[in-house]
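Q: Kindly generate the corresponding structure for this input.
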Amino acid sequence: MLHSLRRCLVLFFVTLAAALSAAEPPLRVGMELQFPPFEMRDEKGQPAGVSVDLAQALGAFLGRPVEIQNLPFDGLIPALKTGRIDLILSSMTATPERAASIDFSEPYLKNGLCLLVSAKSDVQSVADLDRAGRTVAVKKATTGHLYATQHCRQARVLVLDKETACVLEVAQGKADAFIYDQIGIYENWRRNKDSTRPLLQPFREESWAIGLRKGSDELRGKVNAFLASFRASGGFDRLAEKWLAEQKAEFQRRGIAFVF
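A: Predicted coordinates for the structure are as follows:
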C-alpha cells in the first residue's frame with residue numbers, strides 16, 4: 001500500500017514537472033501606465049485600460065499568461081531591445097525612426113497629432129505655432145516632440161517628461177499649446193475645460209502598432225494574426241464601447257473620424 005502510494009506521488013510530481021516545463025512562458029508586455037483610458041491603474045492599483053485588455057486578449061490567443069511591466073515611455077524601446085520585455089503595447093506610433101531599431105505589427109488604431117491650447121491663446125492651428133514668442137509643450141520621446149523639433153524652429157519647444165506637466169503649462173498660460181494625440185488631448189481638455197481649448201482635427205495622421213524586437217518574425221506573424229482575428233470578431237468595437245464611448249460620441253459630434 002505504502003509502495004503504491006509512493007509510486008503515485010512520484011508519478012504525480014513527474015507529470016507536474018513535465019507540464020510546468022512545457023507551459024508557455026509569460027508574455028512580457030511593456031507599457032507606461034499613465035495614459036488613461038489606454039494605459040492606467042484601476043482603483044485597486046492594478047493595470048487597466050484599452051491596451052491592458054488588448055494585451056490580455058493577445059495572451060489568450062497565444063496561450064501565454066500576460067505580465068505587464070510598467071516602464072517610462074522613453075524606456076520602452078531600450079527595454080525591448082535588451083530583452084527585458086517581449087513587446088510594446090503602449091499607444092506607440094509606428095514611425096520610420098522607431099522602425100529603424102524595432103519592428104512593428106500591422107497598425108491597430110488610427111490616430112493623429114492635434115493641439116491643446118491655452119484658453120487665453122490666439123492659436124487656431126499648428127501653423128500659428130512656428131513663430132517667435134510662442135512656447136510649445138511636448139512630452140519627451142513622443143511624435144509630438146519630434147514634430148515640434150522639426151517644424152516649430154522659431155518657437156520655444158518645452159520638453160517635459162510627463163504629460164500632466166505639459167498640460168499644466170498650457171492650463172496656466174505658460175505655454176501656448178501642447179502637441180499630442182487626439183484621445184490624449186480630448187481627455188486633458190475634459191479635465192481642464194475652463195483653462196484650455198482642444199483643436200481635435202489632426203494636422204498629421206498616425207497609426208499605433210505593437211512594437212517587437214528585430215528578428216521576431218514568428219511572434220510578429222502571430223501578433224498580426226491576432227489583430228486580424230480580434231478585429232473581425234468585433235473586439236475593437238467592444239473595447240470602444242467599454243472604454244471610449246464618450247470620446248467616440250464627441251468625435252462624431254465634431255465630425256472627426258474615430259480612432260477604431
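Q: going forward, measure contacts between C-alpha atoms and count neighbours the same way
A: Fine.
Q: show me the contacts for Arg191.
A: Arg191 makes contact with no residue, according to C-alpha atoms under 8 Å, 6 or more residues apart in numbering.
Q: can you check the one 5 residues further on too?
A: If a contact means C-alpha under 8 Å, 6+ apart, then Thr196 has Leu116, Val117, Ser118, Ala119, Lys120, Val170, Ala171, Trp189 as its contacts.
Q: Mind putting those into a markdown table with secondary structure, distance to Ala245 and neighbour count?
A: A markdown table is the format used below for the contacts of Thr196 (DSSP: H, G, I helix; E, B strand; the rest coil; distance: C-alpha to C-alpha, whole Å; neighbours: other C-alpha atoms under 10 Å):
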| residue | secondary structure | distance to Ala245 | neighbour count |
| --- | --- | --- | --- |
| Leu116 | strand | 21 | 29 |
| Val117 | strand | 24 | 30 |
| Ser118 | strand | 26 | 27 |
| Ala119 | coil | 26 | 20 |
| Lys120 | coil | 30 | 14 |
| Val170 | helix | 26 | 26 |
| Ala171 | helix | 25 | 26 |
| Trp189 | helix | 16 | 21 |
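Q: Quick one: the helices in the stretch 101-250 of the chain, in order.
A: Using DSSP state H, counting those that start in this stretch, the helices found in the stretch 101-250 of the chain span residues 143-151, 163-171, 182-191, 217-232, 235-243, 245-253.
Q: one step back: among the contacts of Thr196, which one lies nearest to Arg220?
A: Closest approach to Arg220 among these (C-alpha to C-alpha): Leu116, at 34.8 Å.
Q: Against Ala148, how distant is that closest one?
A: According to C-alpha to C-alpha, to the nearest Å, Leu116 stands 14 Å off from Ala148.
Q: just so I know, which of the helices of the stretch 101-250 of the chain lies nearest Trp208?
A: Once the helices of the stretch 101-250 of the chain are compared by C-alpha to C-alpha, helix 143-151 is nearest, at 11.3 Å.
Q: can I get the contacts of Thr196 in a markdown table with distance to Phe260?
A: Shown next, in a markdown table, are these (distance: C-alpha to C-alpha, whole Å):
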| residue | distance to Phe260 |
| --- | --- |
| Leu116 | 22 |
| Val117 | 25 |
| Ser118 | 28 |
| Ala119 | 29 |
| Lys120 | 33 |
| Val170 | 28 |
| Ala171 | 29 |
| Trp189 | 21 |
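Q: I'd like those laid out as a markdown table, including distance to Glu218 and pLDDT.
A: A markdown table is the format used below for these (distance: C-alpha to C-alpha, whole Å; pLDDT from 0 to 100):
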| residue | distance to Glu218 | pLDDT |
| --- | --- | --- |
| Leu116 | 40 | 98 |
| Val117 | 44 | 98 |
| Ser118 | 47 | 94 |
| Ala119 | 49 | 93 |
| Lys120 | 52 | 87 |
| Val170 | 44 | 98 |
| Ala171 | 46 | 97 |
| Trp189 | 41 | 96 |
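Q: ok, so of the residues you listed, who is nearest Glu106?
A: The closest of those, once distances to Glu106 are taken by C-alpha to C-alpha, is Leu116, at 28.7 Å.
Q: Isn't that closest one up against Pro198?
A: Yes. Assessed by C-alpha atoms under 8 Å, Leu116 is found in contact with Pro198 at 4.7 Å.
Q: which residues do those two both contact?
A: Ile185, Trp189.
Q: I'd assumed Gly83 was in a strand, is it?
A: No. Assessed with DSSP: H, G, I helix; E, B strand; the rest coil, Gly83 is coil; it does not lie in a strand.
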